[in-house]
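A.B. asks: My questions are about this predicted structure, shown below with the sequence.
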Amino acid sequence: MKNPPRSAWSRSLGLAKLAARVAGEELLGQVVSRVDQVKTRIEQTRLLVEELGRLKGAALKAGQFLTLELREHLPPEANLILQRLQDAVTPVSYAEIDRILQRELEPEIRKRIESLSETAIAAASIGQVHSARLRFQDGTSTDGVLKIQYDGIRDSIESDLTVLRRISSVMMALAGKKGDLEPLFREVQTVLISETDYLLEAKNLELYRERISKRPDLASRVRLPKLHPEFSTSKVIALEHMRGVSLEAWIRSQPSSEHRQRIGDLLLELHWAEFADWGFVQTDPNPGNFMIAEENGEPYLILLDFGSMKQFSNEFRRDYFSLLQLTVHGTEQEFVEGFIRMGMLDAKEDAETREAFAALIRHSMSLFDPDRQPVDFTEPEYMKQSKDLAFAFMRKVKHSAPPESLLFLNRKISGLYRLLGMLEVRKDLQEYVDRVSQI
């Protein structure tokens, strides 16, 4: 269990070596047969996963984002390797974790963390989770978990992303595509700055708890871990140890179609509440952020991560719903002009670019066509065509910078589609069209 390098120099050197090795494979791949080109892509992918997994932090988070962007354009064997970036991260040593805790917590508080597991029960790009017995000042104790941030992660964000920007063209070469990944890197930077502040995550958790408590229909089917503030800092967050299984493990256990459908319906309704009712959205749809447990034979959802929350203004949501109605009931010119007014498309874009944008929006909204109901979320063609149309628009666009709010929202919606596909959900979305028309 090697610890990730901390200094900007050592991390940048690792990324520079990665870029050179991937570029070398690319040059070799251009002078060999088609079969060997596929092998080249697989080797490039293996190099990326190996080095980004070692570095963790911003480098790994960017790699995870890029795997979602490029998966439809890589060989199946390469995608299997890339999936490792989403599935697992090698944890750092127990000695390193203990050193961080000794520094972050007062000695008296550290002594009251008992039976800290030597092995992490989960590891991610910016930190890992250990189980423990937490003893309070009054002598009582409870089972808890500690999410502990790796050293140097927050300080490495800017330097990691600077180097990754330089090698982004190599990443795009893996897919044989052209496109501007700068909006993606800006999004990664915003996400990481937010996710590396565990005090902010604690605040988000309590705010989410307050919001969902006002929706008894959701609160009865969704559980949140209790926060333990006295054991928490900006780099350590202590939570109740929730009992359940990961969403992916639950799916592998082959639950009934009725139970899968109920969890899918719950995820959809939860997203509607987050965006439409609260304007407070969990924008990281990673399956690892969800667990499933059962009570009286009925499954319920456990939410685990609140580091990537996004607040959407009333103005943005009002404009967004107005644009949705325009795409359903208005002409193509009307909804393109609406997006220009909202700042999502620059008025200086030419007719060809506007048409590419219109094609992307038309396809996005096709999910709500009456003739398409109920939607089968296992169908991969919708997401593949969405990516193709997005790349087509990105190649043509010259003046428009995607609004940050829309990037976060689209990431959540795309991830939600994938989750519903994993659950094999079929859903008539007409009720959501009706709700939008009533806003």
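C.D. replies: Now that the structure is in, tell me what you want to look at. Residues are numbered from 1 along each chain as shown.

A.B. asks: Could you use CA atoms for every contact and neighbour count after this?
C.D. replies: Will do.

A.B. asks: list the contacts for the residue most central in space within the chain?
C.D. replies: Taking CA atoms, centre = their mean, the centroid of the chain lies closest to Asp284, which sits 3.3 Å from it. Under the criterion of CA atoms under 8 Å, 6 or more residues apart in numbering, the neighbours of Asp284 are Ser308, Met309, Arg411, Lys412, Gly415.

A.B. asks: Strands of the stretch 151-300 of the chain, residue ranges please.
C.D. replies: Counting by DSSP state E, counting those that start in this stretch, the stretch 151-300 of the chain has strands at residues 222-223, 236-240, 245-246, 280-282, 290-295, 298-303.

A.B. asks: Could you dump those strands into a markdown table with mean pLDDT added?
C.D. replies: Shown next, in a markdown table, are the strands of the stretch 151-300 of the chain (pLDDT from 0 to 100):
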| stretch | mean pLDDT |
| --- | --- |
| strand 222-223 | 98 |
| strand 236-240 | 98 |
| strand 245-246 | 95 |
| strand 280-282 | 95 |
| strand 290-295 | 96 |
| strand 298-303 | 97 |
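
A.B. asks: Let's have the ones you listed in JSON lines, adding mean neighbour count.
C.D. replies: Shown next, in JSON lines, are the strands of the stretch 151-300 of the chain (neighbours: other CA atoms under 10 Å):
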{"stretch": "strand 222-223", "mean neighbour count": "19"}
{"stretch": "strand 236-240", "mean neighbour count": "23"}
{"stretch": "strand 245-246", "mean neighbour count": "17"}
{"stretch": "strand 280-282", "mean neighbour count": "22"}
{"stretch": "strand 290-295", "mean neighbour count": "17"}
{"stretch": "strand 298-303", "mean neighbour count": "18"}
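
A.B. asks: Can you say which of those is nearest to Glu182?
C.D. replies: Smallest distance to Glu182 across the strands of the stretch 151-300 of the chain (CA to CA): 22.5 Å, for strand 280-282.

A.B. asks: any residues touching that closest one, and which ones?
C.D. replies: In this structure, residues lying in contact with strand 280-282 by CA under 8 Å, 6+ apart are Tyr208, His271, Glu274, Phe275, Phe306, Ser308, Met309, Lys310, Gln311, Phe312, Lys412.

A.B. asks: Likewise for stretch 94-108?
C.D. replies: With CA under 8 Å, 6+ apart, stretch 94-108 has contacts from Asn3, Arg110, Glu118, Thr119, Ile148, Tyr150, Asp151, Phe231, Thr233, Lys235, Val236.

A.B. asks: Mind listing what's buried along that stretch?
C.D. replies: For stretch 94-108, the neighbour count (16 or more other CA atoms under 10 Å) marks Tyr94, Ile97, Ile100, Leu101, Glu104, Leu105 as buried.

A.B. asks: what about the nearest residue to Gly244 once chain neighbours are set aside, distance to Ala219?
C.D. replies: For Gly244, ignoring the flanking residues on the chain, the nearest one in space by CA to CA, 6 or more residues apart in numbering is Ala293 at 4.6 Å. Ala293 sits 14 Å away from Ala219, taking CA to CA, to the nearest Å as the criterion.

A.B. asks: ok, now Ala238?
C.D. replies: In terms of CA to CA, Ala238 sits 22 Å off from Ala219.

A.B. asks: now do Met309
C.D. replies: Distance from Met309 to Ala219, counting by CA to CA: 19 Å.

A.B. asks: which parts of stretch 254-264 are buried?
C.D. replies: Going by 16+ other CA under 10 Å, stretch 254-264 has these buried residues: His259, Arg260, Gln261, Arg262, Ile263, Gly264.

A.B. asks: likewise stretch 273-290?
C.D. replies: For stretch 273-290, by 16+ other CA under 10 Å, it's 273-276, 278-285, 287-288, 290.

A.B. asks: Most widely separated two among these?
C.D. replies: Pairwise distances across the buried residues of stretch 273-290 peak at 24.4 Å for Ala276 and Gly288 (criterion: CA to CA).

A.B. asks: How about exporting the host helix or strand of Ser364 as CSV, limited to the C-alpha atoms?
C.D. replies: Taking DSSP states H and E as the definition, Ser364 sits inside helix 351-365. Extracted C-alpha coordinates of helix 351-365, given in CSV (Å, rounded to 0.1, in the frame of the first residue of the first chain):
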residue,chain,number,x,y,z
ALA,A,351,-26.1,28.5,-38.4
GLU,A,352,-24.2,25.2,-38.6
THR,A,353,-23.3,25.3,-34.9
ARG,A,354,-26.9,26.3,-34.0
GLU,A,355,-28.2,23.3,-35.9
ALA,A,356,-25.7,21.0,-34.1
PHE,A,357,-26.9,22.4,-30.8
ALA,A,358,-30.6,22.0,-31.8
ALA,A,359,-29.9,18.3,-32.8
LEU,A,360,-28.3,17.7,-29.4
ILE,A,361,-31.3,19.3,-27.5
ARG,A,362,-33.9,17.5,-29.7
HIS,A,363,-32.2,14.2,-28.9
SER,A,364,-32.0,14.9,-25.2
MET,A,365,-35.7,15.7,-25.0
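
A.B. asks: going forward can the numbers begin at 477, since that is how I track them
C.D. replies: Taking 477 as the first residue, the last one we looked at is helix 827-841.

A.B. asks: need the next SSE after that helix, C-terminal direction.
C.D. replies: That would be, after helix 827-841 and using DSSP H and E, strand 851-852.

A.B. asks: Note down every partner strand of that next one and its orientation.
C.D. replies: When pairing is defined by DSSP bridges, strand 851-852 lines up against strand 902-903 (antiparallel).

A.B. asks: Pull out the buried residues from the helix or strand following the partner strand.
C.D. replies: Next in sequence after strand 902-903, counting helices and strands by DSSP H and E, comes helix 906-913. Under the neighbour-count criterion of 16+ other CA under 10 Å, helix 906-913 has Gln906 buried.

A.B. asks: which residues are in contact with helix 906-913?
C.D. replies: Phe797, Leu800, Gln801, Phe844, Pro846, Gln849.

A.B. asks: before we move on, what SS does Ile889 have?
C.D. replies: helix (DSSP: H, G, I helix; E, B strand; the rest coil).

A.B. asks: That one: how many residues sit nearby?
C.D. replies: Neighbours of Ile889 under the rule other CA atoms under 10 Å: 17.

A.B. asks: quick one: pLDDT of it?
C.D. replies: With respect to pLDDT, Ile889 scores 88.

A.B. asks: thinking again about what came up before, for the buried residues of stretch 730-740, which one is nearest Arg728?
C.D. replies: Arg736 (11.3 Å).

A.B. asks: Chain neighbours aside, what residue packs nearest to that closest one?
C.D. replies: Leu899 (5.6 Å).

A.B. asks: ok, now how distant is that neighbour from Asn772?
C.D. replies: Taking CA to CA, one finds Leu899 at 21 Å from Asn772.

A.B. asks: Counting neighbours, go ahead and name the busier of these two.
C.D. replies: The residue with more neighbours, out of Leu899 and Asn772 and counting by other CA under 10 Å, is Leu899; that gives 25 against 5.
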